[in-house]
Every structure is written in structure tokens, then in C-alpha cells.
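> please work out how this folds:
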Amino acid sequence: ELRVTESGGGSAQAGGSLRLSCALSGDLHDNVCVAWFRQTPGKEREGIATIYRGDGSTTYSASVPGRFNISQDNAKKTLYLQMNSLKPEDTAMYYCAADTARCWLRPDFKYWGQGTQVNVSS
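Below you'll find the model as predicted:
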């Protein structure tokens, strides 16, 4: 079993930056994939980026080309989502999720955090 806890949300102005953190605990094997998703009211949860814990390989959604970066610390217990050049449309609840059986941008991961809110003002 895995546990996932997000932090780092808050408010920023358009053009600014925020870094979200995702703390992992539990059965931390290298075959864990971690992903960031976001959701706004009335819309489906959208996948933003994934990182495979073992080799650090990443994938990104076409909706955030070059603005967001997913990474992990050396212990591979904390994952980050660095968000640059923020836009008002990036306002959403951001979720971190983990799974050992999938590594893609679809929101069917097994383990989820509680979410952290990001608000971007113009």
C-alpha cells in the first residue's frame, strides 16, 4: 500500500511560479509511477505529468508544454511539480497519485492524495 500527501499549493499571479510537493510513504518499490492531475469544478480530472520512480522517466500532457516540470528527490520519496509561467486557466485542485500497475495520464490510479488548491490571478 502507498500513501500520498500533496503540499505547496496557494496563490500566484499570472506569469509566476509555484512548486507542488508530493510525499510518498508505504511500499516504495522502484516500479511505482507517480502522476500529477488537476481538476476544476464540473470538469474531468486532467493528467499533467507522470514520473516512473525507478528510472525517473517522465511524460507530459500537451496542455502544459514546457511550463511544468515533474521531478523527484534523490531518495525518491518526494516528487515535485514545478509550475512556471502560470496562467489563470491553471487554477485548479492539483492531485498527486501513485500506482504500481500503470503509468499514464488517465485518472485511474489506485492511490490518491487529498489535493492542494492552486489559484492564479490575472
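> who does the residue nearest the centre of the chain form a beta bridge with?
With distances taken as Cα atoms, centre = their mean, W36 lies nearest the centre of the chain, 2.3 Å away. Beta bridges link W36 to A49, C96, judged by DSSP bridges.
> am I right that it is in contact with C22?
Yes: counting by Cβ atoms under 8 Å, W36 does reach C22; the two are 7.4 Å apart. Placement of C-beta: from N, CA and C, glycine included.
> between the two, what contacts are shared?
Common contacts of W36 and C22, defined by Cβ atoms under 8 Å, 6 or more residues apart in numbering, comprise 79, 81, 96.
> now the first one, what's its secondary structure?
What it means is L79. strand (DSSP: H, G, I helix; E, B strand; the rest coil).
> in contact with it, which residues?
21-22, 24, 34, 36, 51, 70-73, 96.
> quick one, grab the pLDDT at the nearest residue to it once chain neighbours are set aside.
Nearest residue to L79 in three dimensions, chain neighbours excluded: C22, at 4.2 Å (Cβ to Cβ, 6 or more residues apart in numbering). What the model reports as pLDDT for C22 is 97.
> hmm, Q13 and S85 touching each other?
No: taking contacts as Cβ under 8 Å, S85 lies outside contact range of Q13: 11.3 Å.
> neighbours around the residue nearest to L79, how many?
When neighbours are defined as other Cβ atoms under 10 Å, C22 has 27 of them.
> residues in contact with the residue nearest to the centre of the chain?
Taking Cβ under 8 Å, 6+ apart, one finds 20, 22, 47-50, 68, 70, 79, 81, 94-97 in contact with W36.
> tell me where the model's unsure across this structure.
Residues of the chain meeting the criterion pLDDT under 70: none.
> which parts of it are strands?
Taking DSSP state E, the strands of the chain run over residues 2-7, 10-13, 18-26, 33-39, 46-52, 58-60, 68-72, 78-83, 92-99, 111-112, 116-121.
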